[in-house]
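Asks: return atomic coordinates for the entry below.
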Amino acid sequence: MSISTTIKSIQDIMRKDVGVDGDAQRIGQLVWMFFLKIYDDKETEYELLDDHYKSPIPAPLRWRNWAANPEGMTGDELLDFVNNQLFKTLKDLQPQYNDQRGFVIRSVFEDAYNYMKSGHLIRRVINKINEGIDFNKAQDRHLFGDLYEQILRDLQNAGNAGEYYTPRPVTQFMVDMVNPQLGEKILDPACGTGGFLTCTIENVRKAQVKTVEQEQQLQQSIFGVEKKPLPHLLCTTNMILHGIDVPTNVRHDNTLSRPLRDYGPRDRVDVIVTNPPFGGMEEDGIETNFPASFRTRETADLFLVLIMHLLKDGGRAAVVLPDGTLFGEGIKTRIKEQLLNTCNLHTIVRLPNGVFAPYTGIKTNLLFFTKGTPTEHIWFYEHPYPPGVKNYNKTKPMRLEEFEAEKVWWGGGERSGRVENEYAWKVSADEIKARNYNLDIKNPHSPDAVIHDPEQLLADYAALQQRIASTRDQLKAVLAAALETRQ
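Replies: Below you'll find the model as predicted:
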């Protein structure tokens, strides 16, 4: 049976359980089981390499000792074991000898849940996992890596859980353009399911890692923080699948909850690639961690301030931000002024509608900047739909090859030789300042493009109100005339 067939069979079984409600819970349920299965397979590898290896998981709770036997526990006995032994113990696991693997396991289960109510259905799911997947087989591991990407894409259809997944073509393009190097400290402060981190690992490992020491250096230089439990569980599992044996640098925390002044030189990083949550509001009090001039509860704005602060001089960032950040005023204006004064915002790639559908239809942008020198000019690139596509959807998603034109135009690490074309144009920092830091600039080569210039919008609104008033007066006159006729 193929892995994809195994996953479909598991999902069909879960749909029969009254405790599992919706795609997000199904994915959460599936992933903690996968985590334990993956970890057990990895431990088989550790035991072959190290005669003295000791598992951080108590013996009765290791997958091989309670789940591997298809005729093992089932029904109420299994449900009681999972709820009252497995989860309770792993949530409060006390690692021995400061074992970092134990801390990873505890962090994974701190906010994980068993949603299933039927022990018989749990047994059927476990048996399907055991039948269909062996993570010590190179072929299975490779296939599951691809399948894991599909599981993450499914999050886009799982209500608000879609915010944790950035389409792989966007992730790959951003990492390719920032081009992280071995030895650089790389951070995603809102890492979701770990797409940017795993993409970075693949890029650096493929091009630069040749020795065991270099692999260790790579693993020690990848950092991520995720606020919510489901994506953190997905991210930790994703990192293990990508060869990070002890992903202790992926923390379950809220990066914004720490006062900005408490981040010192030791916290500075060379590269940040991230898609911070947008459209949401932080809890009361979070904004007080930031300077008074930048205080807001808008999550994306706070992350942009944090990113500027965390970058070293010469550090590079690629960030996904919504259109609202580009044309917004007030605090958004002050944040953009700070960005242009302290960083070289050299490129903005404007994405079309539908990239993050169905989670959100908000148009988004990719901002690329380097800290340490002020912006002199900004290049804009309007990413077009491919031929024959009017919008992205589940059957016509964005594809990686769509970014080839941007990569050719980019001009390498020095961004040299860029020229204007039907999709690319350049705007000076002086013009941006004259526009009160409104970055929502219309493509001069596409006169029908939608603009969000505040003055133009206000003028259009005033004209619309005049037309409405005129139409209302005409209707009144017609009604008055009709009434007079009847009298």
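
Asks: direction included, what does the biggest strand by length in the chain pair up with?
Replies: Criterion DSSP state E: the longest strand present in the chain is strand 311-322. Taking DSSP bridges as the criterion, strand 311-322 sits next to strand 269-274 (parallel), strand 364-371 (antiparallel) in its sheet.

Asks: pick the most buried one from those.
Replies: strand 269-274 (a mean of 24; mean count of other Cβ atoms under 10 Å). Just so you know, the C-beta spots here come from the backbone N, C-alpha and C atoms, and that holds for glycine as well.

Asks: that one: how far from the chain's middle?
Replies: 14 Å (Cα atoms, centre = their mean, to the nearest Å).

Asks: quick one on the thing from earlier: report the next helix or strand after the longest strand of the chain in sequence order.
Replies: Per DSSP states H and E, strand 311-322 leads on to helix 323-327 as the next helix or strand towards the C-terminus.

Asks: tell me the secondary structure for residue 94?
Replies: Classification of residue 94 by DSSP: H, G, I helix; E, B strand; the rest coil places it in coil.

Asks: correction: the previous question concerned residue 347.
Replies: Following three-state DSSP, we place residue 347 in the strand state.

Asks: that one: what's its closest spatial neighbour, skipping adjacent residues?
Replies: Take residue 347 and drop its neighbours on the chain: the residue closest to it by Cβ to Cβ, 6 or more residues apart in numbering is residue 368, 4.3 Å away.

Asks: quick one: residues contacting that neighbour.
Replies: Taking Cβ atoms under 8 Å, 6 or more residues apart in numbering as the criterion, residue 368 is in contact with 174, 177-178, 316-318, 345-349.

Asks: out of the residues you listed, which are buried?
Replies: Neighbour-count burial (16 or more other Cβ atoms under 10 Å) is assigned, among the contacts of residue 368, to 174, 177-178, 316-318, 345-349.

Asks: just the element for residue 105, please.
Replies: Counting by DSSP H and E, the element that carries residue 105 is helix 100-109.

Asks: which residues are contacting that helix?
Replies: By Cβ under 8 Å, 6+ apart, the list of residues contacting helix 100-109 reads 32, 35, 39, 56-57, 87, 90-96, 232-233, 236-237, 245-248, 251-252.

Asks: the residue nearest to residue 347 bridge partners, please.
Replies: Taking DSSP bridges, one obtains residue 318, residue 347 as the residues bridged to residue 368.

Asks: can you give me the distance of it to residue 272?
Replies: Relative to residue 272, residue 368 is positioned 11 Å away (Cβ to Cβ, to the nearest Å).

Asks: what about the residue nearest to residue 424 when sequence neighbours are not counted, how many neighbours?
Replies: Closest residue to residue 424 in three dimensions, ignoring its sequence neighbours and counting by Cβ to Cβ, 6+ apart: residue 381, at 4.9 Å. For residue 381, the neighbour count with other Cβ atoms under 10 Å is 22.

Asks: I'd assumed residue 385 was in contact with residue 396.
Replies: No. Contact between residue 396 and residue 385 fails when scored by Cβ atoms under 8 Å: they sit 9.3 Å apart.

Asks: any chance of the strands paired with strand 311-322 in CSV, plus distance to residue 129 and mean pLDDT?
Replies: Written out in CSV, the entries for the strands paired with strand 311-322 read as follows (distance: least, Cβ to Cβ, whole Å; pLDDT from 0 to 100):
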stretch, distance to residue 129, mean pLDDT
strand 269-274, 32, 98
strand 364-371, 36, 96
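
Asks: model confidence for residue 230, exactly?
Replies: Reading off the per-residue confidence, residue 230 sits at a pLDDT of 80.

Asks: ok, the one 5 residues further on next?
Replies: As summarised for this prediction, residue 235 has a pLDDT of 87.

Asks: now do the contacts for it.
Replies: Residues touching residue 235, when contacts are defined by Cβ under 8 Å, 6+ apart, comprise 191-194, 197, 224, 226, 247, 250.

Asks: and if we set it to 6 Å?
Replies: By Cβ atoms under 6 Å, 6 or more residues apart in numbering, residue 235 lies in contact with 191, 193-194, 226, 250.

Asks: any chance you could read off phi and psi for it?
Replies: phi -70, psi -50 (degrees, to the nearest 10).

Asks: distance of the closest residue in space to it that isn't next to it in sequence from residue 73?
Replies: By the measure of Cβ to Cβ, 6+ apart, the closest residue to residue 235 outside its immediate chain neighbours is residue 194, 3.6 Å from it. Using Cβ to Cβ, we find residue 194 at a distance of 32 Å from residue 73.

Asks: of the two, who's got more company?
Replies: Comparing residue 194 with residue 73 by other Cβ under 10 Å, the one with more neighbours is residue 194, at 29 against 18.

Asks: was I right about that one contacting residue 240?
Replies: No. Residue 194 is not in contact with residue 240 according to Cβ atoms under 6 Å; the separation is 10.1 Å.

Asks: ok, back up a step: quick one: which of the contacts of residue 235 sit in helices?
Replies: Helix and strand membership here follows DSSP state H; of these, not one is in helices.

Asks: from those, which land in strands?
Replies: Among the contacts of residue 235, the members that lie in strands (by DSSP E) are 226, 250.

Asks: may I see the ChimeraX selection of the buried members of the contacts of residue 235?
Replies: With 16+ other Cβ under 10 Å as the burial test, the buried ones among the contacts of residue 235 are selected in ChimeraX as follows:
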select :191,193,194,226,250
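
Asks: and the least confident of the contacts of residue 235?
Replies: Among the contacts of residue 235, residue 193 has the lowest pLDDT, at 84.

Asks: phi, psi for that one please.
Replies: With angles defined as degrees, to the nearest 10, residue 193 sits at phi -90, psi 0.

Asks: what's around the residue nearest to it when sequence neighbours are not counted, how many residues?
Replies: Of all residues not flanking residue 193 in the chain, residue 234 sits nearest, at 4.2 Å (Cβ to Cβ, 6+ apart). Applying the criterion other Cβ under 10 Å, we find 29 residues in the vicinity of residue 234.

Asks: quick one, phi psi at residue 234?
Replies: Phi and psi for residue 234, reported as degrees, to the nearest 10, are phi -60, psi -40.

Asks: C-terminal to the helix holding residue 105, what's the next element?
Replies: Beyond helix 100-109 on the C-terminal side, the first helix or strand identified by DSSP H and E is helix 119-132.

Asks: just for the stretch 201-350 of the chain, where's the confidence low?
Replies: Counting by pLDDT under 70, the ranges of the stretch 201-350 of the chain that qualify are 279-281.

Asks: the chain: strands as residue ranges?
Replies: With DSSP E applied, the chain shows strands at 186-188, 222-226, 250-252, 269-274, 311-322, 343-350, 364-371, 377-382, 424-428, listed in chain order.

Asks: hmm, back to that, can you redo the buried ones among the contacts of residue 368 as a markdown table with distance to residue 334?
Replies: As requested, the buried ones among the contacts of residue 368 are exported to a markdown table (distance: Cβ to Cβ, whole Å):
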| residue | distance to residue 334 |
| --- | --- |
| 174 | 26 |
| 177 | 27 |
| 178 | 26 |
| 316 | 23 |
| 317 | 19 |
| 318 | 22 |
| 345 | 15 |
| 346 | 21 |
| 347 | 22 |
| 348 | 19 |
| 349 | 24 |
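
Asks: okay then, goodbye and thanks.
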